[in-house]
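[1] Structure for the following, please:
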Amino acid sequence: MLKPKYYISKNDEFVIENYNSSPTFSSFFPGIAGILGIPMWVFYANRGQCIASFGVHDKDGAIMEFYPANKAYKYVSLNGFRTFLKIDGKFHEPFSERSVCRNEMRITSHDLTITETCDALKIRVEVNYFTVPNESFPALARTVKVSNLSNKKRKIEILDGMPALIPCGFTNALLKNISQTIEAWSVVENLENNSPFVKLKVVPSDAPETKLTERGNFYISFVNQNNKQSPANIIIRRKEVFGEVSSLEYPGNFINGKFKISKVQMKENFIPSAFSYKSLELGSRQDFELCSIAGNIDNVKVLNQIKKRISSKKYIENKAAENKKIIEEVMSNVLTSSSSRSFDLYTKQAFLDNVMRGGLPISIGKKPFYIYYRKHGDMERDYNDFKLLPTYYSQGSGNFRDINQNRRNDVFFNPEVNASNIQRFFNLIQLDGFNPLVVMPSRYYIGSKEEAEKFAKKHIKRTGKDIVKTLTRPFLLGA
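    Numbers count the residues shown, from 1 in each chain. Next comes the predicted model:
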């Protein structure tokens, strides 16, 4: 087994060479999508293809199932993202813990990149992940780049994706306790447009009223080769890939014989997979990219409206740049230049971590408003009920102590904070002298119906009882 090596690259990345053989650790993406973006939570570990779980809002909104750290270390290599290759007919799974090829993990504050170089097959695979900013839906973008290092043309077949794309509405309790039963509520829509939209048919509750579900989780994939884009065929039936290999250790159907996708795939009563398939030729020293976006969206109609716009390499590149810019702008508050590059990078990361727990104060009408904060809910703190509100101006809930201590120096970064935190946290002290455990997000309301009507007409372009009712009751700014 190759020994791990740690260092900071020239591009300010924290690099772990041969990460599959290094001691385990877990971490998470910042979950910041910009003021006018919907955030997504993402957890990763240094095994397999790293992403262990991701979703929207909280654990009940998982798109890839949430596991505590000790289980994620075991499951991520099988249940996380997988890539299966046939190179001139020879099977290879990059990033497998059984692989003897060289690999590395490159971590920044805004994204994660893993690479594997296989000298025997003369193939290099690079995978990059980042969360999509400034959109009305939360999403995780993933690009798989396959490079031919040989001097000859190669025939490549690739299967890439998720063994399980959790349907929207599948709560964490349902996944953990009665996932077999609730599979019967699952349905896959929109497969005919090669962009599956998965959800539960109805809200599973023991109540007399049946509630239909509108929102769904989606998966879109396309291939970019020689600056030309083409859709990848998506497989939602896990058995099509793995056959009877229920452990998911290897893709039995893909390895054995010529691989074909069934013309008709079953669409109900099971938890689907999301695997993209493409067969192509790759010239000497050439490469291709398979790009995928997994997320959560209002309904099928909206998904089909945005599909063409987001299914392009240019979109992926632009959103990657936006994501980097947003995170760097947050960290620029403590831009440090010293004799130690490690210290400078540490200072920026520490400030970003501080924002994730205490929030970033911005001014609205010369009054401070905190964005981006939430209770730390990483895989090692599995007891925490973290929430990233899926709204613009996203906030979350947080423990009193955490938020209080993380806002002690905010007046240095935004003087308009003034004494607001002193007032807020003293006013939260209870009559018995104790403070509440949890501090909830800030809410607003308009004092009279008349003022609410004026406000709605001027700023929201809507009138009527419903909007007035909303504005005269406490509401979240982003909602």
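
[2] What segments of the stretch 351-479 of the chain are strands?
    360-364, 367-371, 398-399, 438-439 (DSSP state E, counting those that start in this stretch).

[3] Packing partners of the third one?
    Applying 3 or more C-beta pairs under 8 Å, 6 or more residues apart in numbering; DSSP states H and E, one finds that strand 398-399 contacts strand 438-439. Using the backbone N, CA and C atoms, a C-beta is placed for each residue, glycine as well.

[4] Pairing partners for the strand it packs on, with directions?
    Partner strands and pairing direction for strand 438-439 (DSSP bridges) are strand 398-399 (antiparallel).

[5] Any stretches of the protein with poor pLDDT?
    Scanning the chain for pLDDT under 70 picks out 1, 461-463.

[6] who's in contact with the nearest residue to residue 270 once chain neighbours are set aside?
    The shortest distance from residue 270 to any non-neighbouring residue, by C-beta to C-beta, 6 or more residues apart in numbering, is to residue 183 (5.3 Å). The contact partners of residue 183, taken as C-beta atoms under 8 Å, 6 or more residues apart in numbering, are 269-271.

[7] In JSON lines: those, plus neighbour count.
    Output for the contacts of residue 183, formatted as JSON lines (neighbours: other C-beta atoms under 10 Å):
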{"residue": "269", "neighbour count": "11"}
{"residue": "270", "neighbour count": "18"}
{"residue": "271", "neighbour count": "21"}
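
[8] Closest to residue 427 out of those residues?
    Nearest to residue 427 out of the contacts of residue 183 is residue 271 (C-beta to C-beta; 46.4 Å).

[9] Does that closest one touch residue 186 like I think?
    Yes: Residue 271 lies in contact with residue 186 (C-beta atoms under 8 Å); the separation is 6.0 Å.

[10] Name the residues contacting each of these two.
    In contact with both residue 271 and residue 186: 167, 170, using C-beta under 8 Å, 6+ apart.

[11] who's in contact with residue 405?
    Applying C-beta under 8 Å, 6+ apart, the residues contacting residue 405 are residue 358.

[12] what's the spacing between it and residue 329?
    24 Å (C-beta to C-beta, to the nearest Å).

[13] give me the number of residues near residue 250?
    17 (other C-beta atoms under 10 Å).

[14] That one in helix, strand or coil?
    coil (DSSP: H, G, I helix; E, B strand; the rest coil).

[15] ok now do it, which residues does it touch?
    93, 242.

[16] And for residue 220?
    Residue 220 touches 195, 292-294, 307, 310-311, counting by C-beta under 8 Å, 6+ apart.

[17] What pairs with the host helix or strand of it, parallel or antiparallel?
    Using DSSP states H and E, residue 220 sits within strand 216-225. Partners of strand 216-225 in the sheet, by DSSP bridges, are strand 197-200 (antiparallel), strand 228-231 (antiparallel), strand 287-297 (antiparallel).

[18] now those strands in CSV, with distance to residue 340?
    Converted to CSV, these look like this (distance: least, C-beta to C-beta, whole Å):
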stretch, distance to residue 340
strand 197-200, 48
strand 228-231, 44
strand 287-297, 36
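
[19] picking that back up, among the contacts of residue 220, which one sits closest to residue 102?
    Taking C-beta to C-beta as the measure, residue 102 lies nearest residue 292 of the contacts of residue 220, at 24.6 Å.

[20] Out of the strands of the stretch 351-479 of the chain, which one sits most buried?
    When the strands of the stretch 351-479 of the chain are scored by mean count of other C-beta atoms under 10 Å, the highest mean neighbour count falls to strand 398-399 (a mean of 22).

[21] what's next to it, contact-wise?
    With C-beta under 8 Å, 6+ apart as the criterion, strand 398-399 contacts 357-358, 373-375, 437-439.

[22] hmm, 10 Å instead?
    Applying C-beta atoms under 10 Å, 6 or more residues apart in numbering, the contact partners of strand 398-399 are 356-359, 370, 373-376, 384, 386-387, 404-406, 435-441.

[23] chain center to that strand: distance?
    Centroid separation between strand 398-399 and its chain, computed with C-alpha atoms, centre = their mean, to the nearest Å, is 22 Å.

[24] Please shift the residue numbers so they start at 11 in all later answers.
    Shifting the count to begin at 11 puts that one at strand 408-409.

[25] So what sits opposite the closest residue to residue 229 other than its chain neighbours in the bridge?
    Leaving aside its sequence neighbours, residue 229 sits nearest to residue 284 (C-beta to C-beta, 6+ apart; 4.0 Å). As for beta bridges, residue 284 partners with residue 172 under DSSP bridges.

[26] residue contacts, residue 284?
    With C-beta under 10 Å, 6+ apart, residue 284 has these contacts: 73-74, 91, 170-175, 198, 206, 208, 227-231, 244-246, 248, 302, 304.

[27] out of the strands paired with strand 226-235, nearest to residue 129?
    Nearest to residue 129, of the strands paired with strand 226-235 and by C-beta to C-beta, is strand 297-307 at 16.8 Å.

[28] since we're on the closest residue to residue 87 other than its chain neighbours, how many residues are nearby?
    In this structure, residue 87 finds its nearest non-sequential neighbour in residue 58, 3.4 Å apart by C-beta to C-beta, 6+ apart. Close neighbours of residue 58, defined as other C-beta under 10 Å, add up to 26.

[29] Just the ones of the contacts of strand 408-409 in helices?
    Among the contacts of strand 408-409, DSSP state H puts 366-368, 414-416 in helices.

[30] From residue 209, how far out is the residue nearest to residue 174 when sequence neighbours are not counted?
    Excluding the flanking residues, the one nearest residue 174 by C-beta to C-beta, 6+ apart is residue 281, at 5.3 Å. Per C-beta to C-beta, residue 281 is found 12 Å from residue 209.

[31] need the contact list for the closest residue to residue 74 other than its chain neighbours.
    Distances taken as C-beta to C-beta, 6+ apart place residue 63 nearest to residue 74, at 4.8 Å, with adjacent residues excluded. Going by C-beta under 10 Å, 6+ apart, residue 63 touches 38, 51-55, 69, 72-77, 82, 85-86, 89-90, 176, 389.

[32] Inside strands: which ones of those?
    Within these, residues falling in strands by DSSP state E are 38, 51-55, 72-74.

[33] out of the residues you listed, which one sits closest to residue 470?
    residue 51 (29.2 Å).

[34] Please state the offset of the one helix or strand residue 311 maps to from the chain centre?
    Assessed by DSSP H and E, residue 311 sits inside helix 310-320. Centre-to-centre, helix 310-320 and its host chain are 19 Å apart (C-alpha atoms, centre = their mean).

[35] Identify each buried residue in it, please.
    Within helix 310-320, the residues scored as buried using 16 or more other C-beta atoms under 10 Å are 310, 312-313, 316-317, 320.

[36] and which of these is nearest residue 240?
    Among those, residue 317 lies closest to residue 240 (C-beta to C-beta), at 14.3 Å.

[37] Give me the distance between the nearest residue to the closest one once chain neighbours are set aside and residue 241.
    Nearest non-adjacent residue to residue 317, counting by C-beta to C-beta, 6+ apart: residue 205, 5.4 Å away. Using C-beta to C-beta, residue 205 is found at 9 Å from residue 241.

[38] again, but for residue 158
    Separation of residue 158 from residue 241 (C-beta to C-beta): 22 Å.

[39] With neighbour numbers in mind, choose between those two.
    A count of neighbours by other C-beta under 10 Å puts residue 158 above the other of residue 158 and residue 241, at 22 against 16.
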